[in-house]
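>>> need coordinates for the following:
(4 chains)
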Amino acid sequence: MAEVVSLRDAVAELVHDGDVVAMEGFTHLIPVTAGHEIIRQRRRDLTLVRMTPDIVYDQLIGAGCARKLIFSWGGNPGVGSLHRFRDAVQHGWPVPLEIEEHSHAGMANRYVAGASGLPFAVLRGYVGTDLPNVTDTIKPITCPFTGEALTAVPAINPDVAIVHAQRADRAGNVQLWGLVGVQKEAVLAARRSLVTVEEVVDELEPVPGGMVLPSWAVDRVAEVPGGAHPSYAQGYSERDNAYYAAWDAISRDRDEFERWVERVRAGEEVNA
Amino acid sequence: MAEVVSLRDAVAELVHDGDVVAMEGFTHLIPVTAGHEIIRQRRRDLTLVRMTPDIVYDQLIGAGCARKLIFSWGGNPGVGSLHRFRDAVQHGWPVPLEIEEHSHAGMANRYVAGASGLPFAVLRGYVGTDLPNVTDTIKPITCPFTGEALTAVPAINPDVAIVHAQRADRAGNVQLWGLVGVQKEAVLAARRSLVTVEEVVDELEPVPGGMVLPSWAVDRVAEVPGGAHPSYAQGYSERDNAYYAAWDAISRDRDEFERWVERVRAGEEVNA
Amino acid sequence: MTTSTYTADEMMSVAAARALSGGQRCFVGIGLPSTAANLARRTHAPDLVLIYESGTLGSKPDRLPASIGDGILAETADAVISVPEVFNYWLQPGRIDVGFLGAAQLDKFGNINTTVIGDDYADPKVRLPGAGGAPEIAANCHEVYVVVRQSKRSFVDQVDFVTSFGHGRGNGERARLGLRGAGPTLVITDLGVFRPDPDSHELVLTGVHPGVTVEQVREATGWELRVADDVATTPAPTSDELAVLRALKEASS
Amino acid sequence: MTTSTYTADEMMSVAAARALSGGQRCFVGIGLPSTAANLARRTHAPDLVLIYESGTLGSKPDRLPASIGDGILAETADAVISVPEVFNYWLQPGRIDVGFLGAAQLDKFGNINTTVIGDDYADPKVRLPGAGGAPEIAANCHEVYVVVRQSKRSFVDQVDFVTSFGHGRGNGERARLGLRGAGPTLVITDLGVFRPDPDSHELVLTGVHPGVTVEQVREATGWELRVADDVATTPAPTSDELAVLRALKEASS
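Now for the predicted structure:
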């Protein structure tokens, strides 16, 4: 059963140096504040997993928390490149970053396999592309009935999954709605899980398009209002497009970025 | 785009002798009236697919519409055996019935593969059981990453899928809620599809737990109020438990059953 | 509490219910298992999480569901999901503590037959409903409890057809096949209670219900029955247990 | 209708929008493709079905979405589904008519690079965002339209990295690999329109936008460009097209 705890305690307890950590949320419901807490607690050598590494992963990478990134699209959506990510890949700053690169379909299916207790998933993907030449977690597989050649990718089973949701009840049942991305799969694929929520309520009213993760499928819940900022939580907040644009300038310059990290470590709210 | 037509026209157009026909609905939303229309139109040599063949398949089998059944659990739920099914399997009456037998997990995954455009699915299933000895659509497969042995089942891609839902709008968008079973997968796996609905409405109001099948993923919609009877449509009707019990007596006896078929062919409402 | 008169079926349901404890996640087959699981949730194990293969997680029905897809299961659930999801995301990865199954035939190593009676699959003596969710419930839950009415016909040396794998021919065959769950760890009948021997995995009589003798159990068993050194006697149903059981059944009839 | 002044980017968006027709199912990449697809839906193709990889089927936004997961896509959709479902149940089986993609680099056979510029993947000149949904969009849609700003740098003989497979090295390589969709059948740039030769699958210039010469296109092409016998001139944007396009952009800024 999920325990409702503080974000600080949840990260201290669940996220260890060297862990494989998946933070999911497809544009919507990105667990950004949880990422800042990981920076604050100075985690190191993480393997970060995320379909769409954007600002929060740029921040974690720039802060030196990661040694590897598993992903399918890395950018500042609607703005441009991730400068900390590029600096780490191209210049090894502040530490070298290994990458393992897939397509969205491949990553989504890796989570599905992880959530399903299977060691791999099958898809029609990657054929003819250069991705299998640079990524060794893409292999051919043959249909035992038709003989057709398809592609296999291995399951992802993170040590920890972190997602953001709209609500939880006091028993730790979690409810989210709107674009739900691969959050359910990430939580179910992981050994441990943390859900930050906009609010903890007495009762979860059913919502059209909503899904519930039962308390017994989640380890920790932390109430973090605005915890998806600058992304959004449908029904609670709007996407802060200005922050995405502002991040470009902060992240372009190592010194500017380090000042940003110091502010995060000092516990400041960092809304740009 | 789905056209809204009469049940008679939809069955006449979509269901042909010799077709592979899947009618799904897991206790809830079973397309029973559509089955009666198939009996009325005297289809023959159908391969019937259904996870839980119950009364409506007993009726189709007894009426001689089927030459093969692909399934995972056949019974009159809460009552007992399917007498027409047993008579066909054990005595070839009125025509011999070939069977292809799986587990629920296997059938569900066969539909998932069919809906996903893949030739097969992988699961942890059937190991140690006698099912692979009698069913040739169960084969071993090896994980290309871990070497682990797992089980593969082939996709099901029916010629026609028939399901029942609560509502459609005039453009043919379909909405269902409550226990949704494998209906989405069956429709998406099929070459052609028919959805019978409780009512056609001007606009589909969102419903908690509801799902929408867009009009362009469905071929025909027919308005058939009560079309799931004796099963139920959440929000519209209750399960008619007495009918399930009454069916036992009707189906036990060939003559009794043939009188029932005559009444169906005469176009009578047959509520027990 | 005084104990009133009760039937052997009632004793079986009560004994099966007592085997479940609060907070456990229980994958519930219809019929006897569903009766027992609901009784447990309404008596000593209110936190028991009931999961049905129709796609309901955490159902809290106040009467016995008439079928695996009774509307009350969806209406009272924490989450309603598709059938593929319940098998792939919830059962298969080993998230469920107890799989609670019935059986038409059960053998000395806990293998379950719900497919055909008779040696010839193509020409069976009796055609049964088939597998349903049972093979993967038996494979993937941490452990499996079986509830079955016992007779020489249902309690056999070797099932005619292995629909759901228990311990195979015993002696660790289950582990050798790579199955992750422990398989049947408890069998409850209308006569008594059986557990597999830790080494051979043969079912051993470990308890009898009140008024039942070991000899009676032997006579209703289709193999040379092994009996534990200490055979416990099941406490009779309490009046509270009986009252709740009867109310559940009354409300669903 | 009179034609007002317009930019090359506006001409590109209008030309791309015109390529879509009502009732088609279109899998929309963000950026230029999304602009064009939304313009089409708001002008001549109101029935166009827009599908975004964030999990929305039939989105009907009244402004340009700021990202692939803009809330307006979910709020106006016929159905919102999970990301695995959009790829597995909707894209992979070939239910989508047109995949509408952008590119950082595009080559003479319609292969797309959005991964790295430079020959060494491990030490790239420029690290681009990566694949996203594009490889499987390119593989599984019935056909693919590419919208890209054209220059010698972006329009190359052979991409540095094949992120999304177009026609490989041409001459039917796509079919030989077993890919089901037809691949890139149309490329629209700020200068003109290209289609693959039916046999060699090399991109051929088939149209130029108003005021653009074939020579200008050649100079912005990184290979020995083939030109169709009849090069059409794209009709200039109508004032209605421009008004809708500018209103869409205005509303999203």
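
>>> okay, now the domains of chain A?
Using automatic domain parsing, the domains assigned to chain A come out as A:3-102+A:157-265, A:110-154.

>>> minimum distance to chain C: which of these has it?
domain A:110-154 (2.9 Å; C-beta to the nearest C-beta). The C-beta positions use only the backbone N, C-alpha and C, and glycine is treated the same way.

>>> how long is that closest one from one end to the other?
With C-alpha to C-alpha, to the nearest Å applied, domain A:110-154 spans 6 Å between its terminal residues.

>>> near chain A, which residues of the stretch 101-250 of chain C?
Taking C-beta under 8 Å from any C-beta of the partner chain as the contact definition, the stretch 101-250 of chain C meets chain A at residue C:140.

>>> in chain C, which residue sits nearest chain A?
Closest point on chain C to chain A, by C-beta to the nearest C-beta, is residue C:93, at 2.9 Å.

>>> need the domains of chain A in TSV with mean pLDDT, can you?
Compiled in TSV, the domains of chain A are given as follows (pLDDT from 0 to 100):
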stretch	mean pLDDT
domain A:3-102+A:157-265	97
domain A:110-154	98
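
>>> surely the residue of chain C closest to chain A meets residue A:116?
Yes. The pair residue C:93 / residue A:116 is scored as a contact, 6.3 Å apart, by C-beta atoms under 8 Å.

>>> of these two, give the one with the bigger neighbour count.
Each of residue C:93 and residue A:116 has its neighbours counted (other C-beta atoms under 10 Å in any protein chain shown); residue A:116 has more, 26 against 20.

>>> against residue A:184, how distant is that one?
Applying C-beta to C-beta, to the nearest Å, the value for residue A:116 to residue A:184 is 12 Å.

>>> spit out the residues that contact these two alike.
By C-beta atoms under 8 Å, 6 or more residues apart in numbering or on different chains, residue A:116 and residue A:184 have these common neighbours: residue C:89.

>>> find the helix or strand that the closest residue to residue C:203 other than its chain neighbours is a member of.
Take residue C:203 and drop its neighbours on the chain: the residue closest to it by C-beta to C-beta, 6 or more residues apart in numbering or on different chains is residue C:194, 4.3 Å away. Element membership for residue C:194, per DSSP states H and E: strand C:192-196.

>>> before we move on, back to that, for chain D, which of the domains of chain A is the nearest?
Nearest to chain D among the domains of chain A is domain A:3-102+A:157-265; the distance by C-beta to the nearest C-beta comes to 2.3 Å.

>>> mind checking the SS state of the residue nearest the centre of chain C?
By C-alpha atoms, centre = their mean, chain C has its centre lying nearest to residue C:146, at 2.7 Å. Following DSSP: H, G, I helix; E, B strand; the rest coil, residue C:146 is assigned to strand.

>>> can I assume it is in contact with residue C:184?
Yes. At 5.5 Å, residue C:146 counts as touching residue C:184 under the criterion of C-beta under 8 Å.

>>> now for those two: what residues contact both?
Residues touching both residue C:146 and residue C:184 (C-beta under 8 Å, 6+ apart) are residue C:110.

>>> could you report the separation of the residue of the stretch 151-253 of chain C found nearest chain D from residue A:115?
Distances between the stretch 151-253 of chain C and chain D by C-beta to the nearest C-beta are smallest at residue C:180, namely 23.8 Å. Relative to residue A:115, residue C:180 is positioned 16 Å away (criterion: C-beta to C-beta).

>>> ok, now residue A:134?
On the measure of C-beta to C-beta, residue A:134 and residue A:115 end up 26 Å apart.

>>> of these two, who's got more company?
A count of neighbours by other C-beta under 10 Å puts residue A:115 above the other of residue A:134 and residue A:115, at 28 against 16.

>>> what about the spatially closest residue to the more buried one that is not a sequence neighbour, how many residues close to it?
In this structure, residue A:115 finds its nearest non-sequential neighbour in residue A:188, 3.7 Å apart by C-beta to C-beta, 6+ apart. When neighbours are defined as other C-beta under 10 Å, residue A:188 has 25 of them.

>>> so which bits of the stretch 1-150 of chain A are right by chain C?
Residues of the stretch 1-150 of chain A lying close to chain C (C-beta under 8 Å from any C-beta) are A:1, A:115, A:116, A:117, A:118.

>>> just those residues: which are in helices?
In helices, defined here by DSSP state H, the members of the residues of the stretch 1-150 of chain A next to chain C are residue A:115.

>>> on that earlier part again, and residue B:174, which of the domains of chain A is closest to it?
domain A:3-102+A:157-265 (15.7 Å; C-beta to C-beta).

>>> hang on, the earlier thing: how far away is the residue nearest to the residue of the stretch 151-253 of chain C closest to chain D when sequence neighbours are not counted from residue B:104?
Setting aside the residues directly before and after it, residue C:180 is nearest to residue C:94 in space (C-beta to C-beta, 6+ apart), at 5.7 Å. The gap separating residue C:94 from residue B:104 is 17 Å, by C-beta to C-beta.

>>> who has more neighbours out of these two?
The neighbour count for residue C:94 versus residue B:104, taken as other C-beta under 10 Å, is higher for residue B:104 (31 against 15).

>>> so what's that one up against?
B:51, B:72, B:73, C:53, C:83, C:87, C:131, C:132, C:133, C:136.

>>> ok, residue C:124 touching residue B:91?
No. Under the criterion of C-beta under 8 Å, residue C:124 makes no contact with residue B:91, lying 11.6 Å away.

>>> which one of these two has more residues nearby?
In this view residue C:124 and residue B:91 are compared by other C-beta under 10 Å, and residue C:124 has more residues nearby, 18 against 11.

>>> is it fair to say that one lies in a strand?
No. Under three-state DSSP, residue C:124 sits outside any strand and is assigned coil.

>>> so what's it up against?
Residue C:124 sits next to B:89, B:90, C:116, C:117, C:118 when contact means C-beta under 8 Å, 6+ apart.

>>> which two in these are spaced the farthest apart?
Spatial extent of the contacts of residue C:124 (C-beta to C-beta) is set by the pair B:89 and C:117 at 12.8 Å.

>>> more neighbours: which of these two?
residue B:89 (22 against 17).

>>> ok, now which ones touch that one?
Applying C-beta under 8 Å, 6+ apart, the residues contacting residue B:89 are B:97, B:99, C:124, C:127.

>>> now do residue A:257
A:62, A:83, A:84, A:250, A:251.

>>> mind listing what's buried in the helix or strand containing it?
Take DSSP H and E as the rule and residue A:257 turns out to sit in helix A:254-265. Neighbour-count burial for helix A:254-265, counted by 16 or more other C-beta atoms under 10 Å in any protein chain shown, picks out A:257, A:260, A:261, A:264.

>>> the last one and residue A:35 touch, don't they?
No. In this structure residue A:264 lies outside contact range of residue A:35 using C-beta under 8 Å: 9.5 Å.

>>> overlap in contacts of those two?
residue A:59.

>>> break down the stretch 1-150 of chain C into its strands, ranges please.
Assigned by DSSP state E, counting those that start in this stretch, the strands in the stretch 1-150 of chain C fall at C:25-28, C:49-52, C:56-59, C:79-80, C:98-101, C:105-107, C:112-113, C:116-117, C:126-127, C:143-148.

>>> between the ones you listed, which one is closest to chain D.
strand C:79-80 (14.1 Å).

>>> which strands and helices lie in contact with the closest one?
Judged by 3 or more C-beta pairs under 8 Å, 6 or more residues apart in numbering or on different chains; DSSP states H and E, strand C:79-80 is in contact with strand A:211-213, strand C:56-59.

>>> what comes into contact with the longest one?
Contacts to strand C:56-59, defined as C-beta under 8 Å, 6+ apart, come from residues A:214, B:179, C:49-52, C:65, C:72-74, C:76-81, C:86, C:90.
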